[in-house]
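**Q** show me how the following folds:
(chains A and B)
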Amino acid sequence: GAGVSQSPSNKVTEKGKDVELRCDPISGHTALYWYRQSLGQGLEFLIYFQGNSAPDKSGLPSDRFSAERTGGSVSTLTIQRTQQEDSAVYLCASSMGGLRETQYFGPGTRLLVL
Amino acid sequence: GNSVTQMEGPVTLSEEAFLTINCTYTATGYPSLFWYVQYPGEGLQLLLKATKADDKGSNKGFEATYRKETTSFHLEKGSVQVSDSAVYFCALTSRDGNNRLAFGKGNQVVVIP
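**A** Residues are numbered from 1 along each chain as shown, chains lettered A, B, ... in the order given. This is a model prediction of the structure:
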């Protein structure tokens, strides 16, 4: 496809369960970002992958959050032992990787933790 | 650190009215500036951008000028339509920020027929 895709679109889980969110970036984009959009905090940066470099994890809110990017393409964001405050829309974006390149966003995964 | 400030509160206006949404920023170095738009039920889309001082970004009748002296990037449209109803986010990236986007809180714009 032409754009960034994310799955699932919606995820409802129980507190304490683990969840995995997937992102397929635009083909050829070397940079991939995860953001979180919540009512209280607005849009927050979570993690950044650029090529084969070590990821910038400085935005991850706790050690329950982790992400990986396999083969320089698809990325998975994992939240372990989910809490109600993790409820948010998780957005993935990709770009060509240059410092001033535009980031293109996927439709997001809406996570609800009961 | 890098930060973006948008004017508080939703904006409600009539069709064909003039729209301004204020955006100011704090950043080290020379950031790139963006306006993203989120239409109801849709994802974030880039509306326009400017990468250096005095640049003007424009798209779909919207404009914003990168003002380094006032650290601002205000969004304007001369005549809004109902279809412009959306949430608008001002954002920046900078070399020091590892190209991550720092967003403002967003402004809900409602255009009434």
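**Q** assign A:S27 to helix, strand or coil.
**A** Under DSSP: H, G, I helix; E, B strand; the rest coil, A:S27 falls in the coil class.
**Q** next one, pLDDT for the residue lying closest to A:S38 once chain neighbours are set aside please.
**A** Nearest non-adjacent residue to A:S38, counting by Cβ to Cβ, 6 or more residues apart in numbering or on different chains: A:A88, 3.8 Å away. For the C-beta atoms, the positions are set from N, CA and C on the backbone; glycine is no exception. Per-residue pLDDT puts A:A88 at 96.
**Q** how close does A:A88 sit to chain B?
**A** Applying Cβ to the nearest Cβ, to the nearest Å, the value for A:A88 to chain B is 14 Å.
**Q** tell me the contacts of that residue?
**A** A:36-38, A:41, A:111 (Cβ atoms under 8 Å, 6 or more residues apart in numbering or on different chains).
**Q** let's see it at 7 Å
**A** For A:A88, the contact set (Cβ atoms under 7 Å, 6 or more residues apart in numbering or on different chains) comprises A:36-38, A:111.
**Q** how far is the stretch of helix or strand B:V37 belongs to from where the chain is centred?
**A** According to DSSP states H and E, B:V37 maps onto strand B:32-38. Centroid separation between strand B:32-38 and its chain, computed with Cα atoms, centre = their mean, to the nearest Å, is 5 Å.
**Q** in the chain, where is pLDDT below threshold?
**A** As the question left the chain open, I've gone with chain A. A:1, A:99 (pLDDT under 70).
**Q** sorry, I should have been clearer: chain B.
**A** B:96-97.
**Q** tell me where it has strands.
**A** B:3-6, B:11-14, B:19-21, B:23-26, B:32-38, B:44-50, B:56-59, B:62-65, B:75-77, B:86-93, B:102-103, B:107-112 (DSSP state E).
**Q** with chain A instead?
**A** Taking DSSP E as the test, the strands found in chain A are A:5-7, A:10-13, A:19-24, A:31-38, A:42-50, A:65-69, A:75-79, A:88-95, A:104-105, A:109-113.
**Q** quick one, what contacts the nearest residue to B:K60 once chain neighbours are set aside?
**A** Leaving aside its sequence neighbours, B:K60 sits nearest to B:L47 (Cβ to Cβ, 6+ apart; 7.1 Å). By Cβ under 7 Å, 6+ apart, the contact set of B:L47 is B:35-37, B:59, B:62.
**Q** only the buried subset of the residues you listed, as a PyMOL command please.
**A** In PyMOL, a selection of the buried entries from the contacts of B:L47 looks like this (16 or more other Cβ atoms under 10 Å in any protein chain shown):
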select buried, chain B and resi 35+36+37+62
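**Q** so which bits of chain A are right by chain B?
**A** Counting by Cβ under 7 Å from any Cβ of the partner chain, chain A comes close to chain B at A:31, A:33, A:42-43, A:45, A:48, A:56, A:91, A:99-100, A:102-103, A:105-108.
**Q** and the two most separated of the residues you listed?
**A** Between any two of the residues of chain A next to chain B, the greatest separation by Cβ to Cβ is 25.8 Å, found for A:L99 and A:P107.
**Q** how about the residues of chain B near chain A?
**A** So chain B meets chain A at B:32, B:43-44, B:46, B:49, B:51, B:89, B:95, B:98-101, B:103, B:105-106 (Cβ under 7 Å from any Cβ).
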